[in-house]
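Student: build me a structure from this.
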Amino acid sequence: MKKEIVMMVGPTAVPERVLKAMNRNSISHRSEEYCKIHERVVEGLQKLFGTENEVFILTSSGTGAMEAAIQNCFSPGDHVVIPVIGTFSEQFAKMAEAYQLKVTRVEFELGEAAQVDRVMEYVREDTKGIFVIHNESSTGVTNDLESFGKALEGRDALLITDSVSGAGGLEMKMDEWKIDIVLSGSQKALMVPAGLSFISLSQKAWKATESSKLPKYYFDLKKAREFQKINQTPNTPAVYNVFAVEEALNMIFEEGLENVYRRHIDNTNQIIEGVRNLGYDIFPKDDKYASKTLTAVYAPGKAKKIVKGLKEQGVIVNTGLFPIEEDVFRVGVMGYVYKDDVEGFLEALSRLSK
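Tutor: Got it, this is the predicted structure:
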């Protein structure tokens, strides 16, 4: 049976292998069997993050991991700098303010990536952190994390990155790029139903946890670290999602991580070329920073109509987000998307363009 063409930005298509991995009897999250699965999943996530640091499994959406990063490493009144390039970087800023951090937003025009030099102009001696979105899925723009890591080298400020729509589809080298906190979610490039998030802290970030004065309980990473020693979580995890993550990681490493990255790049390049041949363009202002896990297609005044027309042909993509929802639609290649899907999308789009 032909795989349905689901090219959403998230939740993404779930492979049959992953679904079958969930079709089994339940087990206790305190059992020896679960502990072995947990250990294997954490080891796989470390490879995905490019880190030797521990990776923690949280039962929440990616937003929960964002909160965990703030709660565990900061205190009320701490100064942080957040480059805002779209919906999800703005969400990070609002969340930090909700926890009474002093936020300096560095605003960029939608469709632009964050310019490191400009952001660094706002970093002070007392700045405790810089929150950088890896892949802004609202605009289809990827930030240069490696450059931020170099710019912050030798400073006390932590580099925190939300890689919810990045990790598993875009290269991530947490240790090499000197990123202090990386967080992601299960429902994007990892090809798993929504319900889990993941977070990893550098030693520098762990040091920051010692002085954090924000309240924390469910997302207390010190507690999680103690339970990690026995390959468990403090509270009941979404066990079936953990089964799914193990199988998804098996699929990724069977294909080869570099091959997975190359597939995302090739699929995206084919989409960009195809939409331009049909008279559209992409929303990012510089192709250099165009995301390789999704494409924000610029179709002024036509975006919602196109999404509806594609759905009628069995091709599922996403509309844009406020304030560009009338002019942009978003096509995901995260996870379980292959050349046949891309060709099917472009064929359907061409029929709408005649």
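Student: now do the same end-to-end measure for stretch 53-69.
Tutor: End-to-end distance of stretch 53-69 (C-alpha to C-alpha, to the nearest Å): 15 Å.
Student: typed the wrong thing, it's stretch 150-157
Tutor: Taking C-alpha to C-alpha, stretch 150-157 runs 12 Å from one end to the other.
Student: average model confidence for that stretch?
Tutor: For stretch 150-157, mean pLDDT is 96.
Student: buried residues in it?
Tutor: Residues of stretch 150-157 classed as buried: 151-152, 157 (neighbour count, 16 or more other C-beta atoms under 10 Å). To be clear about C-beta, it is placed using only N, CA and C from the backbone, and glycine gets the same treatment.
Student: any chance of the residues you listed in JSON lines, with distance to residue 292 and secondary structure too?
Tutor: JSON lines is the format used below for those (distance: C-beta to C-beta, whole Å; DSSP: H, G, I helix; E, B strand; the rest coil):
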{"residue": "151", "distance to residue 292": "23", "secondary structure": "helix"}
{"residue": "152", "distance to residue 292": "24", "secondary structure": "coil"}
{"residue": "157", "distance to residue 292": "28", "secondary structure": "coil"}
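Student: could you dump these to TSV with distance to residue 175?
Tutor: Compiled in TSV, the buried residues of stretch 150-157 are given as follows (distance: C-beta to C-beta, whole Å):
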residue	distance to residue 175
151	17
152	14
157	18
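Student: which of the residues you listed sits closest to residue 353?
Tutor: residue 151 (42.7 Å; C-beta to C-beta).
Student: how about low-confidence regions in the stretch 51-200 of the chain?
Tutor: The stretch 51-200 of the chain contains no residues with pLDDT under 70.
Student: helices of that one, start to end?
Tutor: Applying DSSP state H, counting those that start in this stretch to the stretch 51-200 of the chain gives helices spanning 62-73, 87-98, 116-120, 145-151.
Student: how far off centre is the first one?
Tutor: So the one you mean is helix 62-73. 14 Å (C-alpha atoms, centre = their mean, to the nearest Å).
Student: other SSEs contacting it?
Tutor: strand 55-58, helix 87-98, strand 158-162, strand 181-185, strand 197-201, helix 203-209, helix 221-228 (3 or more C-beta pairs under 8 Å, 6 or more residues apart in numbering; DSSP states H and E).
Student: domain-wise, how is this structure divided?
Tutor: Using automatic domain parsing, the domain parsing of the chain gives 5-11+257-352, 18-252.
Student: and the shortest one, what's its mean pLDDT?
Tutor: In this model, domain 5-11+257-352 has an average pLDDT of 97.
Student: ends of that domain, how far apart?
Tutor: Chord length of domain 5-11+257-352, first to last residue, is 16 Å (C-alpha to C-alpha).
Student: from the chain's centroid, how far away is it?
Tutor: With C-alpha atoms, centre = their mean, you get 17 Å for domain 5-11+257-352.
Student: try stretch 246-256
Tutor: So, by C-alpha atoms, centre = their mean, the centroid of stretch 246-256 is 18 Å from its chain's centroid.
Student: buried set for that stretch?
Tutor: 246-249, 251-252.
Student: thinking again about what came up before, and the helices and strands packed on helix 62-73, which is most packed in?
Tutor: Per-stretch averages of neighbours, counted by mean count of other C-beta atoms under 10 Å, single out strand 181-185 among the helices and strands packed on helix 62-73, with a mean of 30.
Student: in space, what's closest to the most centrally placed residue in the chain - neighbours in sequence excluded?
Tutor: With distances taken as C-alpha atoms, centre = their mean, the residue of the chain nearest its centroid is residue 164 (1.4 Å). For residue 164, ignoring the flanking residues on the chain, the nearest one in space by C-beta to C-beta, 6 or more residues apart in numbering is residue 62 at 3.9 Å.
Student: what's the closest of the helices and strands packed on helix 62-73 to residue 43?
Tutor: strand 55-58 (8.8 Å).
Student: can you list the strands that the closest one pairs with?
Tutor: Partners of strand 55-58 in the sheet, by DSSP bridges, are strand 197-201 (antiparallel).
Student: how far does the strand it pairs with sit from its chain's centre?
Tutor: For strand 197-201, the separation from the chain centroid amounts to 11 Å (computed by C-alpha atoms, centre = their mean).
Student: re earlier: of the helices of the stretch 51-200 of the chain, which is nearest residue 218?
Tutor: Going by C-beta to C-beta, the one of the helices of the stretch 51-200 of the chain nearest residue 218 is helix 62-73, 8.2 Å.
Student: and the contacts of that closest one?
Tutor: 58, 91-92, 95-96, 99, 101, 128-129, 158, 160, 162, 164, 181, 183-185, 197-199, 201, 205, 208-209, 212, 214-216, 219-222 (C-beta atoms under 8 Å, 6 or more residues apart in numbering).
Student: 6 Å instead?
Tutor: With contacts defined as C-beta atoms under 6 Å, 6 or more residues apart in numbering, helix 62-73 is touched by 58, 95-96, 99, 160, 164, 181, 183, 185, 197, 199, 205, 208-209, 212, 214, 216, 219, 221.
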